[in-house]
Structures are given as C-alpha cells and as structure tokens.
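Participant: Task: produce atomic coordinates for the following.
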Amino acid sequence: MNKTLLILRHEFRHMMKRRGFIIMTVIVPLIAVLLIGVSQLVSGIARPTAEAAIIGYVDELGGFQQYTSQGNITLVRFDTPGDATDALISGDINEYFVIPPDYISTGVINRYTLEKQLTASPAVTAVINNFLLNNLLAGKVPAATIARIEAPLNVVSTRLTETGAVAPEQGGYGALIIPFVFSILLALSIIFSSTYLLQGLGEEKENRLIEILLSSVSARQLLTGKVLGIGAAGLVQVTVWVISAPLLLNLASSSIGGFISTIRLPPNFIALAVVYFILGYLLYAVISAAIGAISSSSREGQQLIGVFTIPALIPLWFTSLLMFLPDNPVWVFFTIFPLSAPVEAIMRLGVSAIPAWQLVASIGVLVLSIIGILLLTTRVFRTYLLMYGKRPGVGEVFRSLRSG
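Facilitator: Numbers count the residues shown, from 1 in each chain. As a prediction, the model looks like this:
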C-alpha cells in the first residue's frame with residue numbers, strides 16, 4: 001500500500017507540474033473573467049446611432065398609404081416600378097419593393113436592391129411586415145389588437161412538482177449553459193489526461209525505466225498508483241472549476257445582466273459533476289494504461305486511444321437533437337454506456353430531469369467498468385510493458401487474459 005501511495009504521489013505531482021494541465025485548469029476561469037471584462041467595456045462604449053434608411057414601395061394593389069415611418073426607416077411611395085428604379089439608381093432610396101395586384105391571394109412581395117445579399121436583413125423584413133400588416137388591418141381592429149398580432153406569443157414556462165408546487169429546478173436555456181460548458185471541459189480533460197498518461201508510459205518504456213519500477217513494485221501497485229494519481233489531479237481540476245463557476249456566474253450576472261442573469265446551476269449539478277468527472281478520469285486512465293502497455297510507442301498509443309475517446313465526443317455532436325428530444329432512448333443508452341456516460345449525463349442534467357434509476361445504473365456501470373478493466377489490465381500490464389518494438393495482436397492479448 002505504501003508503494004502505491006508513493007506512485008500516486010509521484011504521478012499527482014508530475015501531472016500538477018505539467019504546463020498543459022496548469023493552462024487547462026487556470027485558463028477557463030481566466031477566459032471567463034476576460035470575457036466579462038470585455039463585455040463590460042464594450043457595453044460602456046456609446047453605440048453610434050443607426051443610419052436613417054429610405055425604402056421605396058410601389059402599391060399596385062392599393063390601400064397601402066399609412067405607417068410609412070418606423071423608427072429610423074422611412075417608406076416612400078412611387079407610382080411605377082420605373083420611377084422606383086430610377087430613384088434607387090440615383091441613390092435617393094436604399095431599396096424598394098412592389099406590392100402586386102394579387103398580393104392578397106399569393107402573399108408575394110417583390111423586393112429590389114443594388115446589393116448582393118443572401119436575404120433581406122431582419123430589420124428590413126420587420127419593417128415591411130409591420131407596414132403591410134398595419135395597413136391591412138387599419139380601421140378594422142383596434143390598435144392594441146394590431147400590436148398583439150405583430151407579436152402574438154411570449155411563452156413563459158414554469159415546471160411544477162407532482163404536488164402542484166413550483167419546482168425548484170426549472171428548465172430553459174439558462175440551465176443548459178453550465179452543463180454544456182462542463183461537458184466540453186470534461187471531454188477535453190479526458191483527451192489531455194489520456195495523452196499525458198500514454199506519453200509517460202511510452203517514455204518509461206523507451207528509456208527502460210519501467211524495468212526498474214517493476215523490479216521493486218508489482219504491476220497492480222504501479223497501475224493503481226498511476227490511475228489514482230491521474231484521478232487526484234482531475235479532482236483538483238474540477239474543484240477549481242466548480243468553485244469558480246458560481247463566483248463567475250454572480251459576477252457576470254451583476255455586471256452584464258440580460259440572458260446571463262438567467263444562467264443557473266441545477267441543484268444537484270455540482271455533486272454529480274464531481275462524481276462523473278472523477279469516474280470519467282479514472283475510466284479513461286485505466287484504458288490509457290492498458291493501451292500504453294500493449295503499444296510499442298507513445299505515438300501508436302495515442303492513435304489507439306483516439307478510438308476510445310470518440311464515444312465521449314458523440315453527445316457533443318448531437319447537442320441539438322438532445323435539446324429537442326431529451327427523453328429519447330438513445331440518450332438513455334449513452335447515459336449508461338460507460339465510455340459516453342460522463343459527458344452525456346452532465347449534458348442531460350441541463351436539459352431534463354434524469355430518473356434516479358438511470359443515474360444509479362450509470363454510476364454503477366462506470367464503477368464496475370473501472371474495476372473490471374483495472375483487473376484485466378493488471379493481468380497483462382507487466383508482460384507487455386516489458387515488450388519493446390512489437391505490439392501484440394488481439395488474439396494474443398485475449399490468450400494472455402485467459403492464462404493470467
């Protein structure tokens with residue numbers, strides 16, 4: 001046990017001194033502080049007033065004469081498309097549109113401009129839409145009704161508990177931001193920590209230091225110490241992020257406000273984020289150690305570990321589907337599947353409530369996977385760490401597992 005602790009301490013210190021690990025741990029809070037400062041600086045600068053725009057229109061249907069002034073945009077009527085075109089070419093107007101005689105039945109508006117555009121700007125589209133709507137309804141419905149027709153929907157959703165009380169944990173995009181950011185950080189941390197462990201094992205194999213280590217400690221002690229050292233470093237990293245998250249969130253909310261003030265941490269997020277961070281670290285550390293043992297070089301090991309890190313990235317690729325279909329059985333599978341469980345579970349915490357049985361199953365499968373892979377890896381760890389310049393085949397590895 002003392003030897004395992006010595007190895008753990010060495011790996012932990014070695015990881016904490018790595019430049020990449022330090023940058024990854026510190027840069028996230030620093031970038032957040034920098035973004036808050038830049039946002040405050042930009043918001044303090046007076047915005048220049050928008051330039052006035054003149055839009056022409058040709059009313060071939062008739063009846064569109066009112067509401068020609070909207071903010072800094074003025075609509076000017078022309079009798080014919082030719083007159084409007086001449087005004088556009090001479091620079092008297094910025095653009096113009098034609099209301100054809102069959103507009104009521106087709107809804108088609110023909111717009112003309114000198115600029116090459118993918119589509120009309122949202123501001124111009126809103127002005128034309130309000131102009132048409134107000135003229136069509138003028139004198140037929142009250143002005144307040146017209147205003148509501150222009151903006152008929154503003155949904156405010158409230159989640160209730162089974163007793164009918166307001167639930168303490170609400171949904172919305174504000175609850176998704178922090179879990180989504182933590183999922184990305186976890187995926188990056190897994191990739192970097194796996195790379196560090198593979199590099200360390202590769203260097204120890206290439207300079208024959210591994211022979212000296214295995215002459216004084218058992219393969220299980222060496223492997224356990226390395227894995228726990230990586231996990232302890234991950235615990236420090238996630239602790240820094242978890243402590244800084246509420247502080248940065250409060251700072252951003254008080255300084256910027258707006259949408260930032262709606263961002264919040266789900267009640268059970270911090271505890272589960274720490275659990276999944278550590279379990280994700282340990283799982284991929286064990287897998288990296290196994291790959292490092294059978295790889296002939298650190299470069300070959302990094303290529304092999306890429307196959308196992310893909311499942312951790314899959315939930316990030318399908319974020320949009322997760323937001324709109326949060327209860328799909330596919331996400332339940334990814335929540336329980338050990339290679340994707342850490343990232344998927346953290347993301348789902350911000351989208352919907354995860355049933356308790358899924359969390360228990362997910363964490364249980366992760367723990368069993370870590371123990372199982374650790375036991376299997378120790379069977380072949382010593383043998384293949386002492387092999388140089390040759391990677392064993394899949395069949396040979398399985399034979400070693402059975403004989404071990």
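
Participant: Report the spatially nearest residue to the residue lying farthest from the centre of the chain, omitting neighbours in sequence.
Facilitator: The centre of the chain is farthest from one residue, D79, which by C-alpha atoms, centre = their mean lies 53.1 Å away. Using C-beta to C-beta, 6 or more residues apart in numbering and skipping the chain neighbours, the partner closest in space to D79 is V58 (7.3 Å). Yep, even glycine has a C-beta here, placed from its N, CA and C like the rest.

Participant: Just name whatever secondary elements the helix or strand hosting that neighbour is in contact with.
Facilitator: Under the criterion DSSP states H and E, the helix or strand holding V58 is strand 53-59. For strand 53-59, the helices and strands in contact under the criterion 3 or more C-beta pairs under 8 Å, 6 or more residues apart in numbering; DSSP states H and E are strand 73-78, helix 81-90, strand 95-99, helix 122-137.

Participant: For the last one, which outside residues touch it?
Facilitator: Meaning helix 122-137. Taking C-beta atoms under 8 Å, 6 or more residues apart in numbering as the criterion, the residues outside helix 122-137 that touch it are 53, 55, 57, 63-68, 70-71, 73, 75, 95, 97, 99, 109, 111, 120, 145-146, 149-150.

Participant: Only whichever of these are buried, select them in PyMOL.
Facilitator: The following PyMOL command selects only the buried members of those, with burial defined by 16 or more other C-beta atoms under 10 Å:
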select buried, resi 53+55+57+64+67+70+73+75+95+97+99+109+111+120+146
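
Participant: Against P315, how distant is the residue most central in space within the chain?
Facilitator: If you average the C-alpha coordinates of the chain and look for the closest C-alpha using C-alpha atoms, centre = their mean, you land on F180, 4.0 Å from that point. Remark: distance between F180 and P315 (C-beta to C-beta, to the nearest Å) = 10 Å.

Participant: How about R77?
Facilitator: The span separating R77 from P315 equals 55 Å under the rule C-beta to C-beta.

Participant: coming back round to it: any shared contact partners between F180 and P315?
Facilitator: With the criterion set as C-beta under 8 Å, 6+ apart, the overlap between the contacts of F180 and P315 is M347.

Participant: returning to what we had before: okay, R77 and P315: which has more neighbours?
Facilitator: Summary of the neighbour comparison: R77 and P315, criterion other C-beta atoms under 10 Å, with P315 having more neighbours (25 against 14).

Participant: Now for that one: which residues touch it?
Facilitator: 183, 322, 331, 334, 340, 343-344, 347.

Participant: just curious, which of those residues is nearest to E162?
Facilitator: Within the contacts of P315, the smallest distance to E162 is 22.8 Å, found for W331 (C-beta to C-beta).

Participant: what helix or strand does the closest one sit in?
Facilitator: In the assignment (DSSP H and E), W331 maps to helix 329-336.

Participant: Skip ahead from that helix and say which helix or strand is next.
Facilitator: helix 341-351.

Participant: residues near L272, how many?
Facilitator: Using other C-beta under 10 Å, L272 has 18 neighbouring residues.

Participant: Chain neighbours aside, what residue packs nearest to it?
Facilitator: Of all residues apart from its sequence neighbours, L349 sits closest to L272 (C-beta to C-beta, 6+ apart), at 6.3 Å.

Participant: which one of the helices and strands packed on strand 53-59 has the most crowded surroundings?
Facilitator: Highest mean neighbour count among these (mean count of other C-beta atoms under 10 Å): strand 95-99, with a mean of 21.

Participant: For the next helix or strand after that strand, buried residues please.
Facilitator: Using DSSP H and E, the helix or strand that follows strand 95-99 towards the C-terminus is helix 103-106. Using 16+ other C-beta under 10 Å as the burial criterion, the residues of helix 103-106 that qualify are Y103.

Participant: And the pLDDT for the residue nearest to L272?
Facilitator: In the predicted model, L349 carries a pLDDT score of 81.

Participant: what does W331 give?
Facilitator: In this model, W331 is scored at 88, pLDDT.

Participant: again, but for the one 10 residues further on
Facilitator: For A341, the model assigns a pLDDT of 90.

Participant: got the contact list for it?
Facilitator: Counting by C-beta under 8 Å, 6+ apart, the residues that A341 touches are 276, 279-280, 334-335, 362, 365-366.

Participant: which of those lies closest to S90?
Facilitator: Taking C-beta to C-beta as the measure, S90 sits nearest to F334 out of those, at 61.2 Å.

Participant: Count the neighbours of the closest one for me.
Facilitator: 23.

Participant: And T195, by the same measure?
Facilitator: What T195 shows, counting by other C-beta under 10 Å, is a neighbour count of 18.

Participant: Please report how far it lies from A285.
Facilitator: From T195 over to A285 the distance is 11 Å, taken as C-beta to C-beta.

Participant: what's the answer for T25, then?
Facilitator: 17 Å.

Participant: More neighbours: which of these two?
Facilitator: A direct count of neighbours by other C-beta under 10 Å for T25 and A285 places A285 higher, at 28 against 20.

Participant: check which helix or strand covers the more buried one.
Facilitator: helix 269-294.

Participant: Show me the domain layout of this protein.
Facilitator: Structural domains annotated on the chain: 2-29+171-403, 53-150, as defined by automatic domain parsing.

Participant: before we move on, back to that, adding distance to G292, write the helices and strands packed on strand 53-59 out as CSV.
Facilitator: What follows is the helices and strands packed on strand 53-59, written out as CSV (distance: least, C-beta to C-beta, whole Å):
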stretch, distance to G292
strand 73-78, 65
helix 81-90, 69
strand 95-99, 64
helix 122-137, 53
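
Participant: Which of these has the lowest mean pLDDT?
Facilitator: Ranked by mean pLDDT, the helices and strands packed on strand 53-59 end with helix 122-137 in last place, scoring a mean of 88.

Participant: quick check: angle from that helix to strand 95-99?
Facilitator: Here helix 122-137 runs at 30 degrees with respect to strand 95-99, directions being taken by axes from the mean of the first three to the mean of the last three C-alpha atoms, to 10 degrees.
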